[in-house]
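[1] Structure for this input, please:
(one chain, ligands or ions: 2)
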Amino acid sequence: MRQRVENELARTRVTDIHTHVYAPAFRSLLLWGIDELLNHHYLIAETLRWGTVTPAEFWEMPRSAQADLVWQTLFVDHSPVSASAVGLLEILSSLGMEVQTRDLESYRTFFRSHTPESIVDKVFDAAGLDSLVMTNDPFDDEERPVWESGADIDPRFHAALRLDSLIISWDTNYPRLRDWGYDVEPNLGGRTISEVRRFLADWIAVMSPLYLMLSVNPAWMFPDGSAVNRLLEECMIPAAADAGVPVALMIGCRRQVNPELRLAGDSVGIADLASLERLCAKHAGTKFLVTVLSRENQYELDVVARKFPNLMIFGCWWFLNIPYLIDEMTRMRVELLGTSHIPHHSDVRVMEQVLPKWSHARHITADVLTDKYCALEELGWKVTDAEIARDCADMFGRNFWRFLGKY
Ligand code: RAT
Ligand code: ZN
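    Ligands and ions are numbered 1, 2, ... in the order given. Below is the predicted model:
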């Protein structure tokens, strides 16, 4: 049974529904190569724990020296046993490098023989990826001009319109909307709501996003009359409805608990998922794609998903994306929801990271499904290869496209 499940999973094509990588048209925004892999913020956080340099000293260093320090600290001075460190070695190994040489310069040489396009093709092929979804922010000054130039974007890279800059950072960013010709007021008065709707419609027309996305902190309560919820309910949800796309919510990240660590400075907190229930109930006609950061919320999230067909839960987000917790969460979801969920997304920032992410996803899903199918066979229920293939295709992509109404 294990072999049959593995065979089908090896053939299953993946849609990676949330990442932070960009199509090659976005040029330097597409991160790839050994120095970027070493400078991933997950590894930076682990390096700074050893205290050989302060965060301030680290940020002063040139990029390649930062990568050298991460390598020295996490791979030479200590054994690379954390999930992120193992993941890096898995990348090197699956691209054909010898990890035992521990020769950082030879890894640099390997990547120098590639181009962004060649590395994208190589990892899409090796990871069995059909397509992925980027995270796209019109407030990003490097990203916006690429969209405005009408660049030709590799069709394997879909857009998602991320609205944290607009909604969570409203107080900082509303003046930029004014600069761009939208008549908005800080307190959301006057024409603000309709002008924000116009802004969203304009960017939806430019990006054709598969969904609109927002992350909220664990203290998020719904409803509460806050500016965040007004912008969510009066702008984001209606704009998504007009575009016929879901609203994606990521719940439970406490941003910048240690700002010195920059991107690595965010933390986690337990959220109140009764708010999510009230949101799904009030907006029954809206489809919500949701992931939650706290391990403690996972059981509750699965139960909420049982109550609301307009809620599709996805992925093992961020710190949850370690084999130990992916296994736990996938088992619990399968037992509570069958195959009607999206168990994995990669959240990668550096292109090659999809390799270990999706090999773990396949491996752990094989463990879980094998146990379940074996239990069925003990009851006399025979599972066909076609049924195994169907279940894998659902969980690795089709449930997403079906939820979008595009399958
Ligand atoms: O997983 C990450 O890399 C985080 O830094 C976040 O970007 C998070 O996934 C998010 O989308 O907010
Ligand atoms: Zn993310």
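[2] Give the burial count for the closest residue to residue 281 other than its chain neighbours, as a bare number.
    Computed as CB to CB, 6 or more residues apart in numbering, the closest residue to residue 281 that is not its neighbour in sequence is residue 308, at 7.3 Å. (Glycine included, C-beta is placed from N, CA and C.) For residue 308, the neighbour count with other CB atoms under 10 Å is 18.
[3] Ok, residue 185 next?
    12.
[4] quick revisit: dump the residue contacts of the residue nearest to residue 281.
    Contacts of residue 308 were listed using CB atoms under 8 Å, 6 or more residues apart in numbering, and they are 277, 280-281, 284, 288.
[5] Would you list the buried entries among those?
    Among the contacts of residue 308, those scoring as buried are 277, 280, 288 (criterion: 16 or more other CB atoms under 10 Å).
[6] So the second one sits against residue 306, correct?
    No. Taking CB atoms under 8 Å as the definition, residue 280 is not a contact partner of residue 306, at 11.4 Å.
[7] give me the element residue 92 is part of.
    helix 83-94 (DSSP states H and E).
[8] Against which helices or strands is that helix packed?
    Here helix 83-94 touches helix 34-38, helix 41-48, helix 354-378, going by 3 or more CB pairs under 8 Å, 6 or more residues apart in numbering; DSSP states H and E.
[9] since we're on residue 226, how many residues are nearby?
    As a burial measure, residue 226 scores 12 neighbours (other CB under 10 Å).
[10] and it, backbone torsions?
    phi -70, psi 160 (degrees, to the nearest 10).
[11] distance of it from ligand 1?
    To ligand 1, residue 226 is 20 Å away according to CB to the nearest ligand atom, to the nearest Å.
[12] Kindly report the same for residue 100.
    Separation of residue 100 from ligand 1 (CB to the nearest ligand atom): 29 Å.
[13] okay, that residue: pLDDT?
    Here, the pLDDT recorded for residue 100 equals 97.
[14] Pass me the low-pLDDT residue ranges in this protein, would you?
    By pLDDT under 70, the chain has no low-scoring segment.
[15] who in it is up against ligand 1?
    The chain comes close to ligand 1 at residues 20, 135, 215, 250, 263, 318, 347, 349, as judged by CB under 6 Å from any ligand atom.
[16] Include neighbour count and secondary structure when you put the residues you listed into CSV, please.
    Formatted as CSV, these follow (neighbours: other CB atoms under 10 Å; DSSP: H, G, I helix; E, B strand; the rest coil):
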residue, neighbour count, secondary structure
20, 16, coil
135, 20, coil
215, 21, strand
250, 22, strand
263, 12, helix
318, 16, helix
347, 23, coil
349, 19, coil
